[in-house]
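[1] The sequence isn't on hand, but the structure is:
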């Protein structure tokens, strides 16, 4: 049997800001097609970690491997990744269709592929009727969906999502979550997401890592996390999260 392909691997990932240790020796492996949730309070180190994984901030030490390739040694591997930040980076003077075509061009797609992917994503995200309206007239939910579509335009194998459901009404949040789930489970995209909305994580994530003071305090499936805390089946993620963060207990290592 072939060994499971790990699309994302963090090995001893560490980041200092001057003398402040923001991220402390993180080691994580994320299999292909998995939705991996990265949780932590403000200042826990998750934003710094995300910035390193998306090429915005260089690690002080350690490595970030995408499909076994160190993304800081061979930057070409970044072409198979997509990134959607917490604040949608959209040119609001463009229409939704123009924005997707523009991003497709930045990724070097051919004209026919840009046309095909643009129309496909506009349809999947329910944006076709608004495709020729200016983005500045879009609701926040429409902007979020457009941003995710931009992150998927080049068919990435890895997708990084930062707080993508924040501020969305229930219907828009449901549509965004469905698209993320479909990308992972139908198309095999490996999703690495951060969010403060614990219900989103509990519903969607295959594996959850809880970070505090730059260290992983616990990592595993929901059931593994419950068992590690001695909680009954059905206990909410909030209870697990608060028990780890508030008590400041030693990290819990689980099998994944």
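    Yep, it's here. None of these values were measured; they are calculated from a predicted model. Numbers count the residues shown, from 1 in each chain.
[2] average pLDDT across stretch 235-245?
    Mean pLDDT, stretch 235-245: 86.
[3] Tell me which residues are up against that stretch.
    If you take CB atoms under 8 Å, 6 or more residues apart in numbering as the criterion, stretch 235-245 is touched by 39, 41, 198-199, 201-202, 208, 210, 212, 217-218, 222, 225-226, 229, 231, 249, 252. In short, each C-beta sits where N, CA and C put it, glycine included.
[4] Distance from it to the middle of the chain?
    On the basis of CA atoms, centre = their mean, to the nearest Å, stretch 235-245 is displaced by 21 Å from the centre of the chain it belongs to.
[5] With stretch 151-162 instead?
    Here stretch 151-162 is found 9 Å from its chain centre; the criterion is CA atoms, centre = their mean.
[6] again with stretch 153-170
    Offset of stretch 153-170 from its chain centre (CA atoms, centre = their mean): 6 Å.
[7] same question for it, mean pLDDT?
    Rounded mean pLDDT across stretch 153-170 is 91.
[8] do stretch 81-92 as well
    Stretch 81-92 comes out at a mean pLDDT of 92.
[9] Please point out which parts of it sit buried.
    The neighbour-count check on stretch 81-92 (16 or more other CB atoms under 10 Å) flags 81-86, 88, 90 as buried.
[10] Is it possible to get a markdown table of those residues that adds secondary structure?
    Compiled in a markdown table, these are given as follows (DSSP: H, G, I helix; E, B strand; the rest coil):
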| residue | secondary structure |
| --- | --- |
| 81 | strand |
| 82 | strand |
| 83 | strand |
| 84 | strand |
| 85 | coil |
| 86 | coil |
| 88 | coil |
| 90 | coil |
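[11] Include distance to residue 149 when you put those into TSV, please.
    Shown next, in TSV, are the buried residues of stretch 81-92 (distance: CB to CB, whole Å):
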residue	distance to residue 149
81	16
82	10
83	13
84	9
85	14
86	17
88	11
90	10
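[12] Quick one: buried ones out of the contacts of stretch 235-245?
    For the contacts of stretch 235-245, a burial check counting by 16+ other CB under 10 Å picks out 39, 41, 198, 201, 208, 210, 212, 217-218, 222, 225-226, 252.
[13] Restricted to strands, list these.
    Among the buried ones among the contacts of stretch 235-245, DSSP state E puts 39, 208, 210, 212, 217-218 in strands.
[14] still on that earlier bit, any idea which of the buried ones among the contacts of stretch 235-245 is closest to residue 33?
    Relative to residue 33, the closest of the buried ones among the contacts of stretch 235-245 is residue 208; by CB to CB it sits at 16.3 Å.
[15] Could you pull up the residues touching the closest one?
    Counting by CB under 8 Å, 6+ apart, residue 208 makes contact with 36-37, 39, 201, 219-222, 225, 237.
[16] 6 Å instead?
    By CB atoms under 6 Å, 6 or more residues apart in numbering, the residues touching residue 208 are 37, 201.
[17] Report the beta-bridge partners for it.
    Counting by DSSP bridges, residue 208 forms beta bridges with residue 37, residue 220.
[18] Could you measure from it over to residue 36?
    Plainly put, residue 208 is 8 Å away from residue 36 if you go by CB to CB, to the nearest Å.
[19] Could you do residue 228 as well?
    Taken as CB to CB, the span from residue 228 to residue 36 is 18 Å.
[20] These two - which one has more neighbours?
    Ranked by neighbour count (other CB atoms under 10 Å), residue 228 and residue 36 place residue 36 first, with 24 against 17.
[21] Spatially, what comes nearest to that one if we skip its sequence neighbours?
    residue 30 (4.6 Å; CB to CB, 6 or more residues apart in numbering).
[22] now do residue 191
    Closest residue to residue 191 apart from its sequence neighbours, by CB to CB, 6+ apart: residue 35 at 4.5 Å.
[23] And residue 14, by the same measure?
    Nearest non-adjacent residue to residue 14 (CB to CB, 6+ apart): residue 61, at 4.6 Å.
[24] And that neighbour, how far from residue 83?
    Taking CB to CB as the measure, residue 61 falls 23 Å from residue 83.
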